[in-house]
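here is a sequence together with a model predicted from it:
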Amino acid sequence: MTRDYSYTSNSYNALMRCPASLGSKTNIAKPHLDRWIYLKDAIEEWLYNDALDETSINQARSKYANDLDPVQTKICDDLFETFRAIYPKTVGMSMSREYPPLPRSEARDLSEDEKIILSSWVQFEVDYGEKRETIKLRTGKETMDNLDLAILTLQKDTNETNIEINLTRGTVEELPLIDGASAILNDSFEQVEKYLNLKKKETIPGKHCNLCDRPSICGQYREIDGKKISNKDRSLYLTKTDLMKLETCSRQAAWKFLYGIPRDVNEEEVIPNYGDIFHAYTQKIINEFDNPLSSMGVNKFSEIISEESEEIKVKLLETYSSLVEQMSSYNNVQLKATEFPLGFTILSNPPQRKTEDETFDENIAVTFMGMADIVGRINNNTPVVVELKTGKERAIHQHEASLYALGASQATNEKEVVVLHVYMRPGSSKITERLYKEKELNKAKEYFVTKSMEISNWDQKDTLSPSYNPGSWCEYCSYETRCLDSRK
Ligand code: SF4
Ligand code: SF4
């Protein structure tokens with residue numbers, strides 16, 4: 001019997017980030033992916049219909065408008081309208097009758113009966129007589145992956161043009177033929193071969209966990225009471241930032257982490273602020289220098305920031321010195337790692353929900369995760385999590401501390417954890433220490449169990465099910481326009 005090992009460029013990237021990310025999955029809640037399929041189906045319906053009038057648009061639109069709530073319908077309407085404007089139907093254009101088109105694939109034999117297949121999906125093939133266009137339809141803003149481009153380059157026919165239609169950017173672009181496509185493919189085949197030969201698929205956690213389908217079951221963020229999570233359970237994943245947002249307005253948080261609603265404004269590239277720059281240097285010195293909190297450490301710090309402007313250098317050094325001063329009140333400080341993922345999962349069983357068509361009786365596994373600035377040991381070898389803040393102290397940092405404390409307790413199997421928030425504002429630096437023993441850890445757990453229940457009660461198909469809560473935070477919300485349009 002032959003065996004094919006097939007990967008798309010997405011799954012290839014996932015295995016490169018973390019080998020454990022391609023194992024068995026749970027029933028992930030990803031409404032934005034469902035929305036993408038609805039939209040693609042509507043575009044397909046419209047393209048394949050030879051009619052050019054309004055009826056063909058309405059017919060296609062019913063593919064999503066009958067099933068999605070008003071917020072998601074509006075998103076699809078906008079993207080569908082963009083598609084029609086940038087890629088109008090013309091007389092003489094015809095669609096390939098093969099739908100969906102076969103993915104473009106490259107294969108390498110491993111043995112007589114085993115091979116690796118790497119594929120790039122294309123969504124439509126349009127025929128213009130002598131010429132053909134192969135369309136990759138996208139809504140993400142990031143540039144096209146090199147592996148995708150390499151496969152499309154090698155697979156291209158002479159009469160064929162590969163194009164990318166990006167509905168978020170509103171662009172139609174011919175995809176370039178890239179140099180070194182064969183080398184990229186060879187390298188990718190080798191990486192897959194190595195991956196297939198790994199005996200134990202190791203977890204490599206990081207920020208990319210929020211792109212993964214396995215956080216509740218991969219073992220990295222274990223269920224807090226050791227409950228077994230099955231692949232029938234539904235999973236959700238929240239970052240520390242999502243948790244903070246949840247404290248002010250559920251809609252704001254849920255629209256980001258659950259429903260993947262596009263933001264009102266086009267957020268172009270994020271420019272690092274002072275806090276990010278400070279974090280980056282602090283991480284560098286902790287990872288590369290044995291005694292980062294000694295006077296030699298301060299000298300080393302001033303060396304590594306030498307490329308910065310005078311004004312920034314002074315500020316960075318002042319901030320780092322205040323960190324060193326604050327930490328000097330502790331004994332046996334050993335800072336071991338930076339940007340360290342800490343988290344856990346809570347399995348909850350919300351009351352049975354019913355809609356007109358379906359009854360939901362499922363467990364929901366909610367994974368909470370945060371990237372701790374620094375982790376290590378302190379005093380009598382107690383696990384410590386240090387969070388560096390260049391802004392002011394806020395009450396919600398309490399919940400961040402609780403997330404880290406539970407995550408660190410689970411990761412180390414220790415029943416006592418110290419969480420330090422170090423506030424390093426010029427002239428008013430301070431440290432807030434929270435000691436979590438059994439009582440505090442239990443109280444923290446109660447908080448997260450309550451949050452999990454709240455989240456589990458939302459209808460994953462209805463973006464309006466999480467409540468909204470207007471306040472001063474609306475000023476910083478990415479959904480203000482959409483939210484105002486959807487208030488009752
Ligand atoms: S959740 Fe993170 S650590 Fe776990 S498998 Fe996915 S990427 Fe790896
Ligand atoms: S605009 Fe305000 S009320 Fe609406 S989602 Fe944003 S934070 Fe919530």
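Cool, got the structure. Numbering: from 1, shown residues only. Ligands and ions are numbered 1, 2, ... in the order given.

all helices of the stretch 251-400 of the chain, in order?
274-288, 295-304, 310-327, 397-412 (DSSP state H, counting those that start in this stretch).

reformat these as JSON lines; add mean neighbour count.
Just so you know, the C-beta spots here come from the backbone N, C-alpha and C atoms, and that holds for glycine as well. Below are the helices of the stretch 251-400 of the chain laid out as JSON lines (neighbours: other Cβ atoms under 10 Å):
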{"stretch": "helix 274-288", "mean neighbour count": "16"}
{"stretch": "helix 295-304", "mean neighbour count": "14"}
{"stretch": "helix 310-327", "mean neighbour count": "16"}
{"stretch": "helix 397-412", "mean neighbour count": "22"}
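
ligand 2 contacts on the protein?
Residues of the chain that fall close to ligand 2, judged by Cβ under 6 Å from any ligand atom: C249, R251, Q252, Y468, N469, P470, W473, C474, C477, Y479, E480, C483.

rerun at 8 Å
By Cβ under 8 Å from any ligand atom, the residues of the chain that approach ligand 2 are 245, 248-252, 255, 468-471, 473-474, 476-480, 483-484, 487.

now do the same end-to-end measure for stretch 423-439.
26 Å (Cα to Cα, to the nearest Å).

now that stretch: average pLDDT?
In this model, stretch 423-439 has a mean pLDDT of 86.

residues of it that come out buried?
Residues of stretch 423-439 classed as buried: Y423, M424, S429, I431, R434, Y436 (neighbour count, 16 or more other Cβ atoms under 10 Å).

same check, this time on stretch 66-86
By 16+ other Cβ under 10 Å, the buried positions in stretch 66-86 come out as L68, D69, V71, Q72, T73, I75, C76, D77, L79, F80, T82, F83.

what about it, average pLDDT?
94.

just stretch 282-297 next, same as before
pLDDT averaged over stretch 282-297 gives 87.

now do that stretch: distance to the chain's middle.
Its chain's average C-alpha position is 30 Å from that of stretch 282-297, according to Cα atoms, centre = their mean, to the nearest Å.

pull up the distance across it, start to finish.
Across stretch 282-297, the terminal residues are separated by 10 Å (Cα to Cα).

circling back to that earlier point, any chance of the buried residues of stretch 423-439 in a markdown table, with distance to I304 and secondary structure too?
What follows is the buried residues of stretch 423-439, written out as a markdown table (distance: Cβ to Cβ, whole Å; DSSP: H, G, I helix; E, B strand; the rest coil):
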| residue | distance to I304 | secondary structure |
| --- | --- | --- |
| Y423 | 23 | strand |
| M424 | 17 | coil |
| S429 | 21 | coil |
| I431 | 24 | strand |
| R434 | 30 | strand |
| Y436 | 33 | strand |
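
return the distance of K131 relative to G92.
K131 is 11 Å from G92, where distance means Cβ to Cβ, to the nearest Å.

higher neighbour count, these two?
K131 (10 against 7; other Cβ atoms under 10 Å).

neighbours around the residue lying closest to the more buried one once chain neighbours are set aside, how many?
Counting by Cβ to Cβ, 6 or more residues apart in numbering, N159 is the residue found nearest to K131 once chain neighbours are left out, at 5.6 Å. When neighbours are counted by other Cβ under 10 Å, N159 registers 11.

could you do V417 as well?
Counted with other Cβ under 10 Å, the neighbours of V417 add up to 29.

contacting residues around it?
By Cβ atoms under 8 Å, 6 or more residues apart in numbering, the contact list for V417 reads T382, P383, V384, V385, Y404, A405, A408, S409, L435, Y436, L441.

and ligand 1, which of those reach it?
Answer for the contacts of V417 near ligand 1: none qualify (Cβ under 8 Å from any ligand atom).

report the two of those residues separated the most.
Using Cβ to Cβ, the contacts of V417 span at most 14.9 Å, a distance reached by V384 and L441.

neighbour count winner among the two?
Counted by other Cβ under 10 Å, V384 and L441 do not tie: V384 has more neighbours, with 25 against 19.

doesn't A401 make contact with that one?
No. Contact criterion Cβ atoms under 8 Å: V384 and A401 do not qualify, at 11.5 Å.

now the common contact residues for the two.
Counting by Cβ under 8 Å, 6+ apart, the common neighbours of V384 and A401 are V419.

give me the distance between the residue of the stretch 51-200 of the chain found nearest ligand 2 and E416.
Per Cβ to the nearest ligand atom, V71 is where the stretch 51-200 of the chain lies closest to ligand 2, at 10.9 Å. Separation of V71 from E416 (Cβ to Cβ): 45 Å.

okay, and the residue of the stretch 51-200 of the chain closest to ligand 2 sits in which element?
Per DSSP states H and E, V71 falls inside helix 70-86.

so what does the next helix or strand after that helix touch, helix or strand wise?
Per DSSP H and E, the first helix or strand lying C-terminal to helix 70-86 is strand 94-95. If you count contacts as 3 or more Cβ pairs under 8 Å, 6 or more residues apart in numbering; DSSP states H and E, strand 94-95 packs onto strand 124-128.

I'd say N469 and T248 touch.
Yes. Using Cβ under 8 Å, N469 is in contact with T248, at 6.6 Å.

which of those two has more residues huddled nearby?
T248 (17 against 13).

give the contact list for that one.
T248 makes contact with N469, G471, W473, according to Cβ under 8 Å, 6+ apart.

could you check how far it is from A254?
Look at T248 and A254: by Cβ to Cβ, they are 12 Å apart.

ok, now L39?
21 Å.

out of everything not next to it in sequence, what's closest to the residue sitting nearest the centre point of the chain?
By Cα atoms, centre = their mean, the mean C-alpha position of the chain lies nearest to N210, the distance being 3.6 Å. Distance criterion Cβ to Cβ, 6+ apart; nearest residue to N210, sequence neighbours excluded, is Y237 at 5.5 Å.

wait, the one you found sits on P215?
Yes. Between Y237 and P215 there is a contact at 5.0 Å, judged by Cβ under 8 Å.

need the residues touching each of those two.
Both Y237 and P215 are in contact with C209, T367, M369, where contact means Cβ under 8 Å, 6+ apart.

which residues touch the last one?
What it means is M369. Counting by Cβ under 8 Å, 6+ apart, the residues that M369 touches are 205, 209-210, 215, 221, 237-240, 341-343, 403, 407.

try the first one
The neighbours of C209, taking Cβ under 8 Å, 6+ apart as the test, are C18, P215, Q220, Y221, Y237, P341, M369.

list the contacts of the fifth one.
The neighbours of Y237, taking Cβ under 8 Å, 6+ apart as the test, are C209, N210, C212, P215, S216, F257, V366, T367, M369.

ok, the fifth one - contacts?
Taking Cβ under 8 Å, 6+ apart as the contact definition, S216 lies against T26, E223, I229, D233, S235, Y237, T345, L347, A365, V366, T367.
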